[in-house]
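**Q** compute the structure for the input listed below.
(chains A and B)
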Amino acid sequence: MKLLKLVPDNTNIKFLKLRVPFFVVSIVLIVGSWAAVLVNGLNFGVDFAGGQEVRITFEEREVAPIPSLRELVGGLGYGEPVVQEFGGPNAVSIRVALPEGTEDTPGAATAIGAKVIAAITEEYPDARTDGNDTVSGKVAGEFRNSAILALLAAMAAVSVYIWVRFEWQFGVGAMFALVHDVSVTLGLFALTQMEFSLQIVAAILAIIGYSLNDTIVVYDRIRENLKKYRKMPLPELLDLSVNETLARTIMTSLTLFVALIPLLIFGPPSLFGMVAAITAGLFIGTYSSVYMAGPLLIWMGVTSNSFVPQETAMDRQEKIARGEV
Amino acid sequence: MLDFPLWKKLWLWGLTLAAAVLALPSLFNVSGLDWPSALPNPQVNLGLDLAGGSHLLLEARAADVRVQRLENMEENVRQLMRNAKPRIRIGDVSTGEGRMSFMLESPADIDRARGLIEPLMQGVNLTREWDLSVVDGQRIVLAPTSAGIDTALDDAMESATEVVRRRIDELGTREPTIIRQGDTRIVVQVPGLEDPEALKNLLGQTAQLEFKMVDLNALPENVQAGVAPAGSEIFPYAPGTPQAGQFEAVRRLGGIRGDSLTGAQAGVDPTSNQNVVNITFDAQGGAKFAKLTTENVGKPFAIILDGQVLSAPNINEPIIGGRAQISGSFTPESANNLAISLRSGALPVPLTVVEERTVGPDLGADSIRRGLLAMAVGSIAVIVLMVASYGRFGIYSTIALVFNVLMLLGIMALGNFTLTLPGIAGFVITIGAAVDANVLINERIREERARGRKVIAAVETGYKEASRAIWDANITNFIAGVALFAFGSGPVKGFAVVLVVGLFTSVFTSMVLTRMWVAGWLRKARPADIHI
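**A** Numbering: from 1, shown residues only, chains lettered A, B, ... in the order given. Model (predicted):
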């Protein structure tokens, strides 16, 4: 039986020849992502904005009466609701933001939630409440703070680990790769205006863990080759390392990808955003492993000496004493 | 590296099978089969987002506790001074700005007053809970210390948690979780709840019941304007009562609290046909109530619940049996709710729902079904990819993958961990990432063979050289997992648990188990070449 080889043996692609243009692209992506976040803003769900979100299924209807729902809930006086199909044509999610000035009223979100559900079930007897999330302004603020803290702490801790295991240049490279991955994922959410929730932050934290897997494989090979080919110029050595590990990079990303796709298609609708984020992060992470993590090493001046113990003055004196020099 | 003596094999297989067997009850449960009840039955807990149920985060305002403490202190001080022999006369009592102060009519009483109050300043464990200072030789100022406020808040939350527990038990739901969180919060999780609104209404009711004498000297126009005569305070009538929108002035002091009840039952009054709540005082409360009603026959007293007047009936005759009836334009449900709240005791401090997550049982079941389907399809895709790429070595990875999922489920059942909706995504990620280790190992073996190493040496080098990167990658994942766990609330914590436990099981299955199988095959078949 012939085995499947997605990447031919002994590829020799000059990845790093284009390192400057690609690095510029990466920087543009990061800056563009932050611009998108600042201009469009993230579409915060109830977790981070506060308010209430209810999911309703109409058991005796083919199609949910979305326009009349919008009118009904809008008429309650809490501002314009976001009504959209959720998981099927007869199911909807209805989101109402906290009205201005109620951010500091602890029970406001819950009270609004109760009113919305009561109004809908009174108007539509076949409405079944499948879910109800209400978050007060204060709790939403706490979620925002802890999300930012967790993202920063995870990125810092992972980078420090890489620094300890390799060299400081590798730690910086990993950190840039992480900043790139997290920024671009955030940028995607700002562009698509998909709902940004606690689950999405969880997805980004998972990306922080997984996107470095490929980077580590490449770094590990760079370290090995640095010891092996002491005289090879660094760009060439990086190209060699990336090519040697290319099959791995592709295969490990692919196995995760084929596992995630069915979840994206058949999985629970409430998981869609989270799985989409992880899937996107997978591609972004693979790209940054090759184009962010590598070139940075060149510019930070990694040499084969980085992994060979330096000769100290003491060593030298000992050698002289032994008459070796 | 490839040497596996019998004892090592037995012990690895034992560990694998033990963990995998632990997964069986959960698998039976999910697929709707009956697990024999005679056998041990470790189960993976399903989170509320999969099983259906309500998660509520309740918060108390620390300021309320402080105000209440000052009011209690005022009552205590007044009583002490009144009961002192001879009586100590005081005036100008105020409880503003976080402190309580009062004037002694005669400065000569100062030492006696201090002596009486001093014992109240000390907490049970001898911490200083109040600071007492004397101003101008005649005014005593009592200010709670921060230790005192902390203790008070802690006590209030402790007993509030207990009251919440009793109330939820009255609803008869199965296995509720009630945990204090932080300084001022209580987490309530009730699986499979039919009516989350009823639960919220029940917990939202503080159920502070008070009986206070109506101030008959207050001018009606002043009362409606909200101006209370000296020594009185004004409460609104509760919505739904005939007098809703109106106010009642009552004497601040001399009333009694309804927190010493031994029973409360909803019922219907046979003469008026109204919904009422019948309450029974304990001996002490009954005596106080008898005294109040005996001294005030013919006068109206207000029944006040959580700062709203329910009704203000006349006291027709002394009520000495320790039983009373509360009427207040109840519906059968609200009468029943109030009876439950009174039976389980008043909350020492009002609680507000600051976060709610409710999932209906249908949605949860649908999520599990879709999640399982996606997991099955995803696993098949991964298996096809691995076997097509690495042949026999891919089959080993596949078997390792199956054991990986079983062990992960088994360990979660053993540790009584909770599987949540994001946890399903965690399972899928684990499936997709667990084979990464095998990819790294197999690719390395391929490479070593291409460089001309002999089979055994290539396999050995493959496992050895790949393990470094596998190790590093898993540690970075672990770090991210810890951040996830620290950050997340319930559902996200469930995701973190699956990811982190999955790291351990996948390192074990994909590195140790496959090596054992590969070694066994190499030893037996002694192949001169391998297909990889």
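**Q** A:A206 is in contact with A:G285, correct?
**A** No. A:G285 lies out of contact with A:A206 (CB atoms under 8 Å); the separation is 10.6 Å. (C-beta placed from N, C-alpha, C; glycine too.)
**Q** intersection of neighbour lists for these two?
**A** Counting by CB atoms under 8 Å, 6 or more residues apart in numbering or on different chains, A:G285 and A:A206 have no shared contacts at all.
**Q** just want the most central residue of the chain.
**A** Picked chain A for this. A:I204 (3.4 Å; CA atoms, centre = their mean).
**Q** think we crossed wires, I meant chain B
**A** Geometric middle of chain B (CA atoms, centre = their mean) lands on B:V187, at 1.9 Å.
**Q** which elements pack onto the one helix or strand that residue maps to?
**A** When elements are assigned from DSSP states H and E, B:V187 belongs to strand B:185-191. Under the contact definition 3 or more CB pairs under 8 Å, 6 or more residues apart in numbering or on different chains; DSSP states H and E, strand B:185-191 sits against helix B:48-51, strand B:53-60, helix B:146-171, strand B:177-181, helix B:196-204.
**Q** going by neighbour count, list what's buried in the third one.
**A** It stands for helix B:146-171. Using 16 or more other CB atoms under 10 Å in any protein chain shown as the test for burial, helix B:146-171 gives B:148-149, B:151-153, B:156-157, B:160-161, B:163-165, B:167-168, B:170.
**Q** find the closest residue to chain A in the stretch 1-150 of chain B.
**A** Taking CB to the nearest CB as the measure, the stretch 1-150 of chain B has B:E59 as its residue closest to chain A, at 5.8 Å.
**Q** any idea how far B:V354 is from that residue?
**A** 5 Å (CB to CB, to the nearest Å).
**Q** please apply the same query to A:V37.
**A** For A:V37 relative to B:V354 (CB to CB), the value is 27 Å.
**Q** could you do B:V387 as well?
**A** 52 Å.
**Q** who has more neighbours, those two?
**A** Ranked by neighbour count (other CB atoms under 10 Å in any protein chain shown), B:V387 and B:V354 place B:V354 first, with 26 against 19.
**Q** now that one: which helix or strand?
**A** With DSSP H and E as the test, B:V354 turns up in strand B:351-359.
**Q** same for that strand, what does it pack against?
**A** helix A:108-123, strand A:127-135, helix A:137-165, helix B:48-51, strand B:53-60, helix B:196-204.
**Q** next, the angle from that strand to strand B:185-191.
**A** Between strand B:351-359 and strand B:185-191, the angle comes out at 30 degrees (axes from the mean of the first three to the mean of the last three CA atoms, to 10 degrees).
**Q** residue contacts, B:S379?
**A** B:S379 neighbours (CB under 8 Å, 6+ apart): A:259, B:401, B:405, B:431.
**Q** could you do A:A277 as well?
**A** Contacts of A:A277 by CB under 8 Å, 6+ apart are A:185, A:188-189, A:200, A:203-204, A:207.
**Q** can we see that at 7 Å?
**A** Going by CB atoms under 7 Å, 6 or more residues apart in numbering or on different chains, A:A277 touches A:185, A:200, A:203-204.
**Q** again, but for B:S489
**A** So B:S489 contacts nothing (CB under 7 Å, 6+ apart).
**Q** could you do A:A190 as well?
**A** A:36-37, A:40-42 are the contacts of A:A190 under CB under 7 Å, 6+ apart.
**Q** can you flag the buried ones in the residues you listed?
**A** Using 16+ other CB under 10 Å, the buried ones in the contacts of A:A190 are A:36-37, A:42.
**Q** of these, closest to A:V7?
**A** A:A36 (33.3 Å; CB to CB).
**Q** pull up the residues of the stretch 151-300 of chain A that are close to chain B.
**A** Within the stretch 151-300 of chain A, the positions near chain B by CB under 7 Å from any CB of the partner chain are A:153-154, A:157-158, A:161, A:165, A:198-199, A:202, A:205-206, A:208-210, A:212-213, A:216-217, A:220, A:247-248, A:251-252, A:254-256, A:258-260, A:262-263, A:266-268, A:270-271, A:274-275, A:278.
**Q** the residue in the stretch 1-150 of chain A that chain B sits nearest to - how many residues pack around it?
**A** Nearest to chain B, among the residues of the stretch 1-150 of chain A, is A:A150, at 3.5 Å (CB to the nearest CB). A:A150 has 24 neighbouring residues, counting by other CB under 10 Å.
**Q** kindly report the same for B:R252.
**A** Count around B:R252 with other CB under 10 Å applied: 17.
**Q** so the residue of the stretch 1-150 of chain A closest to chain B sits right up against A:I204, yeah?
**A** No. Counting by CB atoms under 7 Å, A:A150 does not reach A:I204; the two are 9.3 Å apart.
**Q** could I have stretch A:232-242 exported to CSV, CA atoms only?
**A** The C-alpha trace of stretch A:232-242 is given here as CSV (Å, rounded to 0.1, in the frame of the first residue of the first chain):
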residue,chain,number,x,y,z
MET,A,232,25.9,27.6,7.7
PRO,A,233,24.5,31.2,7.3
LEU,A,234,21.5,31.7,9.5
PRO,A,235,18.9,32.4,6.7
GLU,A,236,19.9,29.2,5.0
LEU,A,237,19.8,27.3,8.2
LEU,A,238,16.3,28.6,9.0
ASP,A,239,15.1,27.6,5.6
LEU,A,240,16.5,24.1,6.0
SER,A,241,14.9,23.8,9.4
VAL,A,242,11.5,25.0,8.2
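**Q** ok, now which ones touch the nearest residue to A:G285 once chain neighbours are set aside?
**A** Nearest residue to A:G285 in three dimensions, chain neighbours excluded: A:S211, at 2.6 Å (CB to CB, 6 or more residues apart in numbering or on different chains). With contact set as CB under 7 Å, 6+ apart, A:S211 has these partners: A:177, A:181, A:281, A:285, A:288.
**Q** how about the third one: what's its closest non-neighbour residue?
**A** Distances taken as CB to CB, 6+ apart place A:I207 nearest to A:G281, at 3.4 Å, with adjacent residues excluded.
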